[in-house]
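> Pasting the sequence and the predicted coordinates here, then a few questions.
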Amino acid sequence: MPQQKSSQSAVRPKNRAPVLARLRQSKMTRSTHAYVRGSTVKFYEWLGEVQSHTFPEGPTIWICGDCHVGNLGPIGDASGATRIQIRDLDQTVLGNPALDLIRLGVSLATAARGSDLPGIVTARMVEALMAGYLHGIDPDAAVHLPPRPASVRTAMKAATARTWKQLARERLDDTSPTIPLGRHFWPLSREERRELKLLVSEHEVLDLIARLYEMPGEASVSIVDAAYWVKGCSSLGQRRYAVLLAVEQDRGPRYRLIDIKEAGKAAAPSASAGQMPRINAERVVTGARRLSPDLGDRMAWGRMLGSSFFMRELQPQDLKLSVDKLEQKDATVLAAYLGNIVGLAHGSQMPRDVARAWHRELRARHGRSIDAPFWLWSSIVDLLGLHERQYLEHCRAWAG
């Protein structure tokens, strides 16, 4: 691994903690939707205050646990094909699928509020979300997605056209085999460099890379460069690294960027903690393989620095949806589409009789004034109020 070069905007390891804390709090002031994305722990604290006893007890399956809009998007599989799936599984647990519906509903409603859409549009979005979800979990329905909204079409067009060089330019600012230190990448300590080298040499990681490249036996892999990765609002609480690997092949080395992230304790409540892997990183990888196979099959986990970490190969097709500004004509289509994606991820884990029973349970709870369960609508409305108040308090506290 090359010696890290100094950079004016890069932060040394001993100075990271306070800088990361300020960055996280600052990012959460940008909008209510940004605050929703970065306050997962608070979300579950507040969820207990909004008549949680009215939630249906769905079948215990792997859920995302942090199912907001930004955590869905195009994902490339090992062969390079692209599909929309859940793309962030840090909070995945065996739990109640109703929680993913509420989290996604709050995220969509917040995006609608931030786009100055009329309140009636939010009601229609919740109806569309439930309709899409019900179609996704229905074992007797034809497997097809609702029409793609404009935001999804844009993301898919960008994802399918992207190449490794574009990924390198976006993530690394350059296509040369180095990670430039600066605003997004910070230098490593000696201990981190040593531990990363040991982690990458583990059988689990080598086996993953061998599968990705269809190589017999374990792949011959070396670290070309590595850095601490400053990325994301909610992820700033966990250590994260970008590692540039060289995979030796007959025609010379192929370079790939690996995202290695510390796995923390899930904030989402588990309905069956005894059946989940006790190691957090193993929990994340297991949940990813059930909910988003295209992503999960590109993941592995291991231990270093006294904690567990999960890793995935970054592909050019991996993008998140950008819905900071929703158009009224696109809002309900987006809600139905994403509800269907989550429904398919949930339904694929359920036996047919269980899926039918869960479908009947949700249909039976539909309200008279809105074509969606009242527990879902009221939870979203109550949580919107809590988030709005706490967002303004957060901005006041961090205004200086």
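Cool, the structure landed.
> So for this protein, the centremost residue is which one?
D88 (1.8 Å; CA atoms, centre = their mean).
> now the stretch 51-200 of the chain, which segments are flagged as low pLDDT?
78-80, 143-145, 157-176 (pLDDT under 70).
> buried stuff in the longest helix along the chain?
In the chain, assigned by DSSP state H, the helix with the most residues is helix 374-397. With burial defined by 16 or more other CB atoms under 10 Å, the residues of helix 374-397 counted as buried are 375-377, 379-384, 386-387, 390-391, 394. The C-beta positions use only the backbone N, C-alpha and C, and glycine is treated the same way.
> follow-up on the earlier one: is it true that the residue nearest to the centre of the chain touches N71?
Yes - using CB atoms under 8 Å, D88 makes contact with N71 at a distance of 4.0 Å.
> which SSE is M311 in?
According to DSSP states H and E, M311 maps onto strand 307-313.
> what's that strand in contact with?
199, 205, 208-209, 212, 239, 243, 256-263, 279-282, 284-285, 295, 298-303 (CB atoms under 8 Å, 6 or more residues apart in numbering).
> again with stretch 325-332
108, 111-112, 114-115, 117-118, 121, 124-125, 127-128, 149-151, 334.
> And stretch 140-155, by the same measure?
73-74, 84, 132, 135, 156, 319-323, 326-327, 330, 333-334, 336-337, 340-341, 344, 356.
> now stretch 42-59
36, 96-99, 102-103, 106, 267-269, 350, 354, 357-358, 361-362, 365, 373, 375, 378-379, 382-383, 386-387, 390.
> what about it, how long is it end to end?
Terminal residues of stretch 42-59 lie 24 Å apart, using CA to CA, to the nearest Å.
> follow-up on the earlier one: would you mind listing which of the contacts of stretch 42-59 are buried?
36, 96-99, 102-103, 106, 267-269, 350, 354, 358, 362, 365, 373, 375, 379, 382-383, 386-387, 390.
> Now do the strands in this structure.
61-63, 72-76, 82-86, 93-95, 185-186, 221-229, 240-247, 254-262, 299-304, 307-313 (DSSP state E).
> Now render those strands as CSV, adding mean neighbour count and distance to A142.
What follows is these, written out as CSV (neighbours: other CB atoms under 10 Å; distance: least, CB to CB, whole Å):
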stretch, mean neighbour count, distance to A142
strand 61-63, 27, 22
strand 72-76, 24, 22
strand 82-86, 22, 17
strand 93-95, 24, 28
strand 185-186, 24, 46
strand 221-229, 21, 41
strand 240-247, 20, 40
strand 254-262, 19, 36
strand 299-304, 21, 30
strand 307-313, 21, 32
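> For A10, find the nearest of those strands.
Of all the strands of the chain, strand 185-186 sits nearest to A10, with 4.8 Å by CB to CB.
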